[in-house]
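Undergrad: Got a predicted model here, sequence first, then my questions.
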Amino acid sequence: MATSPVAEVSQQLWDETLGRLLNLSSTTIQRNVDLENRLAELEVELAVWKQAHATALEGADREAKALKGRLASLNSQVASMETFMSQSLLVLCVIDGDACIFNDLLLTQGHEGGRQAAQQLTRAVADYLTNEDIHVLGRLSFWVTIYFNKAVLASVLERHKLCSPEQLDAFIMGFSQSSPRFVLVDVGYGKDATFTKITEYLQTYLRFPQTQRIFFAGGQENTYAPTIAALQNDGLLGKVAFLEACRASPNYAQKHRLPILTVDTLFINQRLSPPLRTPPPLNMNGLSPTLTSGGLPTPHSPSSMNTSATGRLVDPTLPLHKHSPPPCNEFYLMSCTKGGACKYSHDYILTPDQLATLAANAKKAPCNFLKNGLQCPYGERCCWGHVCPNGPKCFHLSKGKCWFKGESMHNVSPHLSP
């Protein structure tokens, strides 16, 4: 039976419609796949941006905290600077009065000469600071400290007919009264007493942040060379200027290129020798009349110890270290800073031979500075041993029991021990 035309048309329409539906379905499915892929890409990109944003926030927070810390530190520094500026900055002058003796034209004027000397020194330092164009913040406070042995200085000046003891006393009073910051210190008897105090003065005050400059007058000799070398090693010489008594500087001032301030008319231009020291008179009760030319008892004297108000005799039958108490090595050979607290005696009167024996025995004990790995500030003047007497072949060193434990204390021949 033949198909009618209407049926054929209807079938064709259904085929076309079905084809279009299939194409639309395929297109929709492909579009969904593309959208899903794009969504996945956007999610990944969003995660990356979220992580970057979190990192940026964390970095900004850290930077804000760091800036806050720096701001607090700067505020603290400003407060410290304000406090520092409110304090008086120090310009100091320390003088070895045994080595640098004031001009006799000033000494003989007594009180007025002392005031003139103080004024000259102050004016010279002020001119130096102005010429050097030293800029400082805050106020300056100028201090002068003079260490000297008054009894010896008075004897030296009188012996050289430069001034009388009365004129010296008046000069000291005039200098001291010219300013409450001017101090003269009588160190008394004792070898290197002035040297020890000035060395400690320099070591202490150069470390103060308030100290702007220290003018140091130590004379023409090289006594303070070890001190200056130690200060150089510690990086403290930048604040030191050498106060020249006359136009002749010691070697260490030139070696370390210290700035030099010369005051021509303030000090005398020559080095005066101190008077010869003689033993004080002894209480000779109970001693044999046989005496040496120096006034000390001979070995024929009684062996008992006699004490007087001026000194104490040693027992010639006993070694020095067997006395009770033994003589103080530092007092007789250098200078003892312990004073009345020292457990050794400062009262014995020793002959040159006994002093030589004391010095030889002291070299058998190690210097505590070198023993502990430090530089000895006394150098060759140190009474203690810097080198083991047994030398490099020391038996105790091989056993680890030698007292001389510092480096290089066994590298030099004992005959060269300083």
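TA: Nice, I can see it.

Undergrad: Please make it C-alpha for all contacts and neighbour counts, starting now.
TA: Fine.

Undergrad: Phi, psi for residue 100 please.
TA: In terms of degrees, to the nearest 10, the main-chain angles of residue 100 are phi -110, psi 100.

Undergrad: Walking through the stretch 1-150 of the chain, point out its helices one by one.
TA: Remark: helices assigned in the stretch 1-150 of the chain by DSSP state H, counting those that start in this stretch are 5-86, 104-107, 111-131, 150-159.

Undergrad: Oops, could you answer that again for the stretch 251-400 of the chain instead?
TA: Using DSSP H, counting those that start in this stretch, helices in the stretch 251-400 of the chain cover 251-255, 329-333, 352-362, 368-371, 395-398.

Undergrad: Would you mind saying which of the helices of the stretch 1-150 of the chain lies nearest residue 202?
TA: Smallest distance to residue 202 across the helices of the stretch 1-150 of the chain (C-alpha to C-alpha): 17.9 Å, for helix 111-131.

Undergrad: Who are the packing partners of that closest one?
TA: helix 104-107, helix 165-177, strand 260-262 (3 or more C-alpha pairs under 8 Å, 6 or more residues apart in numbering; DSSP states H and E).

Undergrad: on that earlier part again, would you mind finding the most buried of the helices of the stretch 1-150 of the chain?
TA: Mean neighbour count (mean count of other C-alpha atoms under 10 Å) peaks for helix 104-107 among the helices of the stretch 1-150 of the chain, with a mean of 20.

Undergrad: Could you list the residues in contact with it?
TA: With C-alpha atoms under 8 Å, 6 or more residues apart in numbering as the test, helix 104-107 has contacts from 112-114, 116-117, 162-163, 167-168, 171, 268.

Undergrad: Could you export those residues as CSV, including distance to residue 36?
TA: Shown next, in CSV, are these (distance: C-alpha to C-alpha, whole Å):
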residue, distance to residue 36
112, 107
113, 106
114, 104
116, 102
117, 101
162, 113
163, 113
167, 112
168, 109
171, 106
268, 105
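
Undergrad: Out of those, which comes closest to residue 317?
TA: For these, the residue nearest residue 317 by C-alpha to C-alpha is residue 168; the value is 45.5 Å.

Undergrad: Just the pLDDT at the closest one, thanks.
TA: Residue 168 carries a pLDDT score of 94 in this model.

Undergrad: Could you tell me how many residues sit around it?
TA: By the criterion of other C-alpha atoms under 10 Å, residue 168 has 26 neighbours.

Undergrad: need the contact list for it.
TA: Residue 168 sits next to 107-108, 110, 154 when contact means C-alpha under 8 Å, 6+ apart.

Undergrad: Quick one: closest of the helices of the stretch 1-150 of the chain to residue 407.
TA: Per C-alpha to C-alpha, nearest to residue 407 of the helices of the stretch 1-150 of the chain: helix 150-159, 39.8 Å.

Undergrad: packing partners for the closest one?
TA: Counting by 3+ C-alpha pairs under 8 Å, 6+ apart, helix 150-159 packs on helix 165-177.

Undergrad: what's the following helix or strand after the helix it packs on?
TA: From helix 165-177 onward toward the C-terminus, using DSSP states H and E, the following helix or strand is strand 182-186.

Undergrad: which parts of the helix or strand following that next one are buried?
TA: Next helix or strand after strand 182-186 toward the C-terminus (DSSP H and E): helix 193-205. For helix 193-205, burial by neighbour count (16 or more other C-alpha atoms under 10 Å) applies to 193-199, 202-203, 205.

Undergrad: Now render the helices of the stretch 1-150 of the chain as JSON lines, adding mean pLDDT.
TA: As requested, these are exported to JSON lines (pLDDT from 0 to 100):
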{"stretch": "helix 5-86", "mean pLDDT": "86"}
{"stretch": "helix 104-107", "mean pLDDT": "93"}
{"stretch": "helix 111-131", "mean pLDDT": "91"}
{"stretch": "helix 150-159", "mean pLDDT": "89"}
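
Undergrad: Could you list the low-pLDDT ranges of this structure?
TA: In the predicted model of the chain, residues 1-3, 80-87, 133-138, 191, 220-221, 245-253, 271-311, 412-418 satisfy pLDDT under 70.

Undergrad: Residue 31 versus residue 24, what's the distance?
TA: Going from residue 24 to residue 31 by C-alpha to C-alpha, to the nearest Å gives 10 Å.

Undergrad: Actually, residue 364.
TA: According to C-alpha to C-alpha, residue 364 stands 104 Å off from residue 31.

Undergrad: do residue 403 as well
TA: Counting by C-alpha to C-alpha, the gap from residue 403 to residue 31 is 96 Å.

Undergrad: again, but for residue 130
TA: 90 Å.

Undergrad: that older thread, who wins for proximity to residue 332 among the helices and strands packed on helix 111-131?
TA: For residue 332, the closest of the helices and strands packed on helix 111-131 is helix 165-177, at 27.4 Å, according to C-alpha to C-alpha.
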